[in-house]
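# 3D model of this:
(one chain, ligands or ions: 1)
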Amino acid sequence: MSGSEQPIAVGVDLGGSHVMAATVDAQGKIGSRHETDLVDHDPAKVVSALAGCVKLALADAKGRSVAGIGIGSPGRIDARSGIVRYSPNFEWHDVPLGALVATALGQRVHVINDARAATLGEYAFGAGRGTRDFLMLTLGTGIGGGIVMNGELLLGSGWTTGEVGHHQIRAHDGFVCACGKIGCFEAQASGTGLLRHVVALGPSFPRSKLTYKARKLGTKAIRKMAEEGDQHARTAWDRWIDDLALGIANLVTILNPERIALGGGVSGADAFMLDPLVPRVRALTTMADPNGFEIVTATLENDAGAIGAATYMLRQT
Ligand SMILES: [Zn+2]
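You can find the predicted model right below:
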């Protein structure tokens, strides 16, 4: 008899090319997971692929009480209605994702932004455990973010709280951002930003092959070359850390978090990244206590989104 058992939820991590659904319990543990590639961004096709993964996860969970489905989706998500207001990845405007999935599966559904879901996952069960005021940054193609204050995930009046990537840090001499502004935090300090620093430094390193190979090599290879002492890679890494520190210091000044977790492919946020980063952030944090926060590596990796989405669902019941 499972009457005293806490209900589980299915957490869905919806990406531009891939969807993963997993059963997640109230302790943030993943039971079974199912995933598939997305080949078509038509809403009906995405819902069908997503529902297929959820059904397989639910079949594995038979006998357990299921509270519903939590979905982390890219874009500006109206978390009250489950409508994807705008998603550049999918080229969607006002797609009622929550209602479509609820109809397909006969389950309660909540939808939030994917970076916000990952933040909640890390806050509840990963790098944010034990804090009340927590900030998560995912450094990838862009910079995704999320903010927890006094134990609450902030969503905002128009559902964009945590879009930290588009505050400008180099408005006069920075790179052009995908959003059209100059020197946005994500244009400078995402994984893509690191590659752009490599290219921008090309004229200073005329014999370096990196200028032409940076994008093909990717951030991990650039980082490795910086660690091995390549001057071009090392200078780019240093500028990138400067920009990352500037953006994080702004966020610390405004939000006063206890802890900031860094996730995403570029980070591998260990000593090579954190040792130069942390003192630079502290030096720029003039109003907040410079020793009143810590910067750590996110711990849930690719599971943060699904765990967070399911946790969001469980917390709505
Ligand atoms: Zn921007």
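
# run through the helices of the stretch 151-300 of the chain in chain order.
Counting by DSSP state H, counting those that start in this stretch, the stretch 151-300 of the chain has these helices, from start to end: 185-189, 191-200, 210-227, 231-255, 271-284.

# contact residues of the protein facing the ion?
Within the chain, the positions near the ion by CB under 5 Å from the ion are His166, Cys177, Cys179, Lys181, Cys184. Backbone N, C-alpha and C define where each C-beta goes, glycine included.

# who wins on neighbours among these?
Most neighbours among the residues of the chain next to the ion, by other CB atoms under 10 Å: Cys184, with 28 neighbours.

# that residue contacts His167, correct?
Yes: assessed by CB atoms under 8 Å, Cys184 is found in contact with His167 at 6.9 Å.

# point out where the stretch 201-317 of the chain drops to low pLDDT.
Counting by pLDDT under 70, the stretch 201-317 of the chain shows low-confidence ranges at 266-269, 317.

# partners of the helix or strand hosting Arg85, with directions?
Using DSSP states H and E, Arg85 sits in strand 83-87. Using DSSP bridges, the strands paired with strand 83-87 are strand 76-78 (antiparallel), strand 92-95 (antiparallel).

# Ala310: which of those is closest?
When those are compared for distance to Ala310 using CB to CB, the nearest one is strand 76-78, at 15.8 Å.

# residues contacting the closest one, please?
Ile83, Val84, Arg85, Tyr86, Ser87, Leu97, Val111, Ile112, Asn113, Gly158, Trp159, Thr160 (CB atoms under 8 Å, 6 or more residues apart in numbering).

# just the buried ones from the residues you listed, in ChimeraX syntax?
To isolate the buried subset of those in ChimeraX, counting by 16 or more other CB atoms under 10 Å, use the following:
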select :83,84,85,87,97,111,112,113,159
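
# could you export the contacts of strand 76-78 as TSV, including pLDDT?
Output for the contacts of strand 76-78, formatted as TSV (pLDDT from 0 to 100):
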residue	pLDDT
Ile83	98
Val84	97
Arg85	97
Tyr86	95
Ser87	93
Leu97	98
Val111	98
Ile112	97
Asn113	97
Gly158	95
Trp159	96
Thr160	94
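
# which one among the contacts of strand 76-78 gets closest to the ion?
Thr160 (12.6 Å; CB to the ion).

# would you mind naming the residues that bridge with Val24?
Beta-bridge pairing for Val24 (DSSP bridges): Ala9, Ile30.

# oh sorry, the question was meant for Asp37
His18.

# pretty sure it is in contact with Ser17, am I right?
Yes: counting by CB under 8 Å, Asp37 touches Ser17, with 6.2 Å between them.

# could I get the contacts of strand 76-78 as JSON lines with distance to Leu137?
What follows is these, written out as JSON lines (distance: CB to CB, whole Å):
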{"residue": "Ile83", "distance to Leu137": "26"}
{"residue": "Val84", "distance to Leu137": "23"}
{"residue": "Arg85", "distance to Leu137": "23"}
{"residue": "Tyr86", "distance to Leu137": "22"}
{"residue": "Ser87", "distance to Leu137": "20"}
{"residue": "Leu97", "distance to Leu137": "25"}
{"residue": "Val111", "distance to Leu137": "22"}
{"residue": "Ile112", "distance to Leu137": "17"}
{"residue": "Asn113", "distance to Leu137": "14"}
{"residue": "Gly158", "distance to Leu137": "21"}
{"residue": "Trp159", "distance to Leu137": "19"}
{"residue": "Thr160", "distance to Leu137": "16"}
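
# report pLDDT for Glu5.
We have a pLDDT of 80 for Glu5.
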